[in-house]
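Peer 1: coords please:
(2 chains)
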Amino acid sequence: MQLFLHDYPLQAAPVSVDVPLISNQDIYMNIALIKEYHENMPRRQAQRLAVEYLERVDLEHIAYKRNPALNPEERFCGMLLRAAMVKDAMILIDQPFKIIPHLKDIQFITTALKKIDDLYLNCHIYDYKWMEEKYGEL
Amino acid sequence: MMSFWENLGRRVIQMLTAFADTIVFAGRVFIRIFRRKTYSSAMREVLLNQIYFTSVQILPVFLMVSIIFGSLLIGVVFQLLKEFGITGFFGHVLMGLIVTELSPLLTVLLITLRSASAINTEMAVMKVNREIKTLEMFRIDVIDYLLVPRVINGIISIVLLSSLCSVALLVSGALFSWLIIGMSIDVYTNILLNAANFSDILIALFKCAIYGFFITLIPIRFGLRASHELTSIPIVVSQGMVNVFAAILIIEVLSLLTKLL
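Peer 2: The predicted structure is shown next:
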């Protein structure tokens, strides 16, 4: 992951248990933060956008929740949307099954990625070789 | 015997190094305050929230403490002035001691207890939870996003709340001067205006700004020293708070020296 971040310093957008959501901010604020900071997007506009993207993954109800109140799937989607906010994002998902331990296959993650495929340039998933069977034909 | 001097020397060197580090860090943050790029939309949002948490939420308690503590103190001071037959000096006592010295000190103590400790813990928890690292991974400058808004908030809050505290004390003064000495509002106002020294008020406001800067900067600095273990939180919080109180004492002594010289 460090190598990826080094190679694409401006576009790398990590999704990992080691890159948690900011716990003293609501989820919509976590997502909006990237646009507010890097593109100086006005607060209301960025937050509207964040809620709109949450609606896309059918999670608008978590907009005003905080990290500890989320289940693993909701947490993953929050992290994914935050990563997608990076301009020309190259999303790097590091060990997705560590974020959502009870998942049996990659279906949930690919579905979530498809719903927001216009928001990022490409997506890389890193995991250990022994997790290969969970990825099926991907 | 030698080991005693070695230990003492090591302690002194450590203390001086830590002091120099804090001053250098303060310089870095201070420069960022004047950089236009620092004021992103995200930073402005944090600044507004911080001002709300520090200055607005505390208002009822702060006003109550200022009025109760201020009234009692002014009552005692006026009673003493009357007993010693030096009521003619009450304007100077009120402006020189209570308004320019006591209200900044009372304000900074209340804000330190409430907000500085919260900031210290918040930073330590963010460090332990790897949230600081998260911000860095998304190329969000921690000084711009976390430190500068809190420091600016500290400066604004202490200056404003100290002024408010002074107003509360002066109103109490009006009440007690009428009750104890039987002085009318007109005479009271006149004496206050004559006793007011512009340079003293300026020094008091400047002192408040310095207080605000350091009582937010030091807790942040210590909070960020936490390791990735939960047990490091109480250690850095207690270290931070001790250092904040030491800084308050140093600033108070320096301001008194400024007045004497």
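
Peer 1: only C-alpha atoms for contact and neighbour calcs from this point on.
Peer 2: OK.

Peer 1: excluding its backbone neighbours, what's nearest the residue in the stretch 51-200 of chain B that chain A sits nearest to?
Peer 2: With Cα to the nearest Cα as the measure, B:Thr134 is the residue of the stretch 51-200 of chain B nearest to chain A, at 4.9 Å. Closest residue to B:Thr134 apart from its sequence neighbours, by Cα to Cα, 6 or more residues apart in numbering or on different chains: A:Val19 at 4.9 Å.

Peer 1: can you tell me the helix or strand for the one you found?
Peer 2: Using DSSP states H and E, A:Val19 is not contained in any helix or strand.

Peer 1: What of B:Ile251?
Peer 2: helix B:232-260.

Peer 1: Can you mark which positions in that helix are buried?
Peer 2: Residues of helix B:232-260 classed as buried under the neighbour-count rule (16 or more other Cα atoms under 10 Å in any protein chain shown) are B:232-233, B:236-238, B:240-241, B:243-245, B:247-248, B:251-252, B:255.

Peer 1: mind listing what the residue nearest to B:Thr134 touches?
Peer 2: B:130-131, B:133-134, B:137 (Cα atoms under 8 Å, 6 or more residues apart in numbering or on different chains).

Peer 1: neighbours of the nearest residue to A:Pro68 once chain neighbours are set aside, just the number please.
Peer 2: Nearest residue to A:Pro68, sequence neighbours excluded (Cα to Cα, 6+ apart): A:Ser23, at 7.1 Å. Around A:Ser23 there are 17 other residues, counting by other Cα atoms under 10 Å in any protein chain shown.

Peer 1: Pretty sure A:Ser23 sits in a helix.
Peer 2: No: assigned with DSSP: H, G, I helix; E, B strand; the rest coil, A:Ser23 falls outside any helix and is coil.

Peer 1: Next up, phi/psi of it, please.
Peer 2: The phi/psi pair for A:Ser23 (degrees, to the nearest 10) reads phi -80, psi -20.

Peer 1: In terms of pLDDT, where does it sit?
Peer 2: pLDDT recorded at A:Ser23 is 92.

Peer 1: and the top helix by length along chain B, how far from the chain's centre?
Peer 2: Counting by DSSP state H, the longest helix found in chain B is helix B:2-33. Distance, stretch centre to chain centre, for helix B:2-33: 22 Å (Cα atoms, centre = their mean, to the nearest Å).

Peer 1: With stretch B:246-255 instead?
Peer 2: 10 Å.

Peer 1: what about that stretch, average pLDDT?
Peer 2: For stretch B:246-255, the per-residue pLDDT averages 92.

Peer 1: picking up where we left off before, among the contacts of A:Val19, which ones are in helices?
Peer 2: Those of the contacts of A:Val19 lying in helices (DSSP H): B:131, B:133-134, B:137.

Peer 1: Serialize those residues to TSV and add fields for pLDDT.
Peer 2: Shown next, in TSV, are those (pLDDT from 0 to 100):
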residue	pLDDT
B:Glu131	95
B:Lys133	93
B:Thr134	94
B:Met137	92
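
Peer 1: What's the ChimeraX syntax to select whichever of the residues you listed are buried?
Peer 2: The following ChimeraX line selects those of these that are buried, judged by 16+ other Cα under 10 Å:
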select /B:131,133,134,137
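
Peer 1: Which positions in chain A make contact with chain B?
Peer 2: Selection of chain A residues close to chain B by Cα under 8 Å from any Cα of the partner chain yields A:5, A:10, A:13-14, A:18-23, A:33-34, A:36-38, A:40-43.

Peer 1: what does the one helix or strand in chain B whose mean pLDDT sits lowest contact?
Peer 2: For chain B, using mean pLDDT, DSSP states H and E, the weakest element among its helices and strands is helix B:90-92, scoring a mean of 81. Residues from elsewhere that reach helix B:90-92, judged by Cα under 8 Å, 6+ apart: B:78, B:81, B:191-192, B:194-196.

Peer 1: Kindly recompute the last result at 10 Å.
Peer 2: B:74, B:77-78, B:81-82, B:96-99, B:173, B:177, B:188-197 (Cα atoms under 10 Å, 6 or more residues apart in numbering or on different chains).

Peer 1: Same question for stretch B:180-192.
Peer 2: Stretch B:180-192 is contacted from outside by B:75, B:78-79, B:81-82, B:87-95, B:170-171, B:173-178, B:193, B:195, using Cα under 10 Å, 6+ apart.

Peer 1: I'd like to know which of the residues you listed are buried.
Peer 2: Those of the contacts of stretch B:180-192 that meet the buried threshold are B:75, B:78-79, B:81, B:87, B:90-95, B:170-171, B:173-177, B:195, by 16+ other Cα under 10 Å.

Peer 1: And the helices in the stretch 151-261 of chain B?
Peer 2: Applying DSSP state H, counting those that start in this stretch to the stretch 151-261 of chain B gives helices spanning B:185-195, B:198-223, B:232-260.

Peer 1: swap in chain A?
Peer 2: Under DSSP H, chain A gives helices at A:2-7, A:27-38, A:43-56, A:72-84, A:96-99, A:107-115.

Peer 1: Pick the most buried one from those.
Peer 2: Compared across the helices of chain A, helix A:27-38 shows the largest average neighbour count, a mean of 25 (mean count of other Cα atoms under 10 Å in any protein chain shown).

Peer 1: Quick check: the gap between the most centrally placed residue in chain A and B:Arg139.
Peer 2: For chain A, A:Leu80 is the residue whose C-alpha lies nearest the centre (Cα atoms, centre = their mean; 1.0 Å). Per Cα to Cα, to the nearest Å, A:Leu80 is found 17 Å from B:Arg139.
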